[in-house]
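Enquirer: give me the fold of what follows.
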Amino acid sequence: MVLPMKSSTTLKLSPKLKARIARLAKRGGLTPHALMVDALERHVDREERHAAFVAEARESLREVQGGGDVYRAEDVHDWMRRSVAGEAVGPPKPWRG
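Expert: Sure, this is the predicted structure:
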């Protein structure tokens, strides 16, 4: 198995931020490098999920504006409650669509 090569990036940090990172890393039993890589990965993941959420919301809006099915929140919530309770229920009927 061939692992991808890693590349280096230089970050210019203020002394205050560098000290804060070092304290957090030490408290968590990590190196400052590991803490920063983890923080960057989590931030990038969150930003990618947010972008996907916004794209999905925009697509849903286009579908609704184009005449797609629309459901009343109360009907959807009732369906979810009954489904979680184990009732054999069909999906709610569209309010408009």
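
Enquirer: just the pLDDT at the residue located most distally from the centre of the chain, thanks.
Expert: In terms of distance from the mean C-alpha position of the chain, Pro15 ranks first, at 31.5 Å (CA atoms, centre = their mean). For Pro15, the pLDDT comes out at 98.

Enquirer: cool, and the one 3 residues further on?
Expert: You'll see Lys18 listed with a pLDDT of 98.

Enquirer: for the lengthiest helix in the chain, the distance to its chain's centre please.
Expert: Assignment by DSSP state H gives helix 32-65 as the longest helix of the chain. Helix 32-65 sits 5 Å away from the centroid of its parent chain (CA atoms, centre = their mean, to the nearest Å).

Enquirer: buried residues in that helix, which are they?
Expert: Of all the residues in helix 32-65, those buried under the rule 16 or more other CB atoms under 10 Å are Pro32, Leu35, Met36. Every residue, glycine included, has its C-beta placed from N, CA and C.

Enquirer: may I see the buried residues of the very next helix or strand once past it?
Expert: Downstream of helix 32-65, the first helix or strand assigned by DSSP states H and E is helix 73-84. Neighbour counts using 16+ other CB under 10 Å place Trp79 of helix 73-84 among the buried residues.

Enquirer: which outside residues touch helix 73-84?
Expert: With CB atoms under 8 Å, 6 or more residues apart in numbering as the test, helix 73-84 has contacts from Val89, Pro91, Pro92, Lys93, Trp95.

Enquirer: and with 7 Å instead?
Expert: Residues from elsewhere that reach helix 73-84 (CB atoms under 7 Å, 6 or more residues apart in numbering): Val89, Pro91, Pro92.

Enquirer: selecting buried members of these in PyMOL, what would you type?
Expert: Selection of buried members from the contacts of helix 73-84 for PyMOL, criterion 16+ other CB under 10 Å:
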select buried, resi 92
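
Enquirer: could you dump the contacts of helix 73-84 into CSV with secondary structure, pLDDT and distance to Pro4 added?
Expert: Output for these, formatted as CSV (DSSP: H, G, I helix; E, B strand; the rest coil; pLDDT from 0 to 100; distance: CB to CB, whole Å):
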residue, secondary structure, pLDDT, distance to Pro4
Val89, coil, 91, 48
Pro91, coil, 91, 44
Pro92, coil, 92, 47
